[in-house]
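Participant: My questions concern the predicted model and sequence given below.
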Amino acid sequence: MKKVNLNWVIKTFKDITPFELYAVLRLRSEVFVVEQNCVFLDMDNKDQFSYHLMGWNDAALAASTRLIAPGKVYEQMSIGRVVTSPLYRGSGIGRELMEVSIEKCYELFGKGPIKIGAQLYLKKFYESLGFEQTGGMYLEDDIEHIEMIKP
């Protein structure tokens, strides 16, 4: 797939439009629930105090993450709900999504460690972005995960 030029938008929950929120929740359901065949409640009451990074290709949401300030969920700032649309896989947007997410965390919360809960099969990808495994494997919704921190 050729390189896609995404328009990156970051918003607080109160500033996100209904259209944007629907697109984010739909993409997360498409990937986390349907594609990964995982029945879980995605709406976990953390979206309300998060920043939402969205990568748009015209009117289509191609990727998004949720950025959380230190002390809200973990001691460290964190990046979660990392998702890319199946339509854009192979275009490099996954790496771009994480690079922009890291940059936005530093802008919003200052320099410091960033914590993630990563699916185990993506360990090498996250290591290539500077994350290090900090704990053993655990199951979350029957999917193998590890905690990682970018110091």
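Facilitator: Structure received. Numbering: from 1, shown residues only.

Participant: Checking Ile146 next. Helix, strand or coil?
Facilitator: Secondary structure of Ile146, reduced to three states by DSSP: H, G, I helix; E, B strand; the rest coil: strand.

Participant: And for Arg95?
Facilitator: helix.

Participant: how many other residues sit next to it?
Facilitator: Residues near Arg95, counting by other CB atoms under 10 Å, number 13. Glycine gets a C-beta too; all of them are placed from N, C-alpha and C.

Participant: mind listing the helices for the protein?
Facilitator: Along the chain, the stretches classed as helices by DSSP state H are 18-28, 93-109, 123-127.

Participant: which strands and helices sit next to the second one?
Facilitator: Applying 3 or more CB pairs under 8 Å, 6 or more residues apart in numbering; DSSP states H and E, we find helix 93-109 packed against strand 51-57, strand 60-68, strand 77-84, helix 123-127.

Participant: can you do 10 Å?
Facilitator: strand 7-12, strand 51-57, strand 60-68, strand 77-84, strand 114-119, helix 123-127, strand 143-150 (3 or more CB pairs under 10 Å, 6 or more residues apart in numbering; DSSP states H and E).

Participant: list the contacts for the residue lying closest to Ala62 once chain neighbours are set aside?
Facilitator: Spatial nearest neighbour of Ala62, excluding adjacent residues (CB to CB, 6 or more residues apart in numbering): Tyr88 at 4.5 Å. Tyr88 makes contact with 1, 4, 6, 55, 57, 60-63, 94, 97, according to CB atoms under 10 Å, 6 or more residues apart in numbering.

Participant: ditto for Glu147
Facilitator: 74, 115-118, 131-138.

Participant: same thing but at 7 Å, please
Facilitator: 115, 117, 134-135 (CB atoms under 7 Å, 6 or more residues apart in numbering).

Participant: So in this structure, where's the weakest helix or strand by average pLDDT?
Facilitator: When the helices and strands of the chain are scored by mean pLDDT, DSSP states H and E, strand 138-140 comes last with a mean of 92.

Participant: residues in contact with that one?
Facilitator: Against strand 138-140 from outside (CB under 7 Å, 6+ apart): 117, 145.

Participant: Also stretch 99-116?
Facilitator: Contacts to stretch 99-116, defined as CB under 7 Å, 6+ apart, come from residues 8, 10, 51, 53, 65, 67, 69-70, 74, 76-80, 126, 131, 147-151.

Participant: Good, wrapping up.
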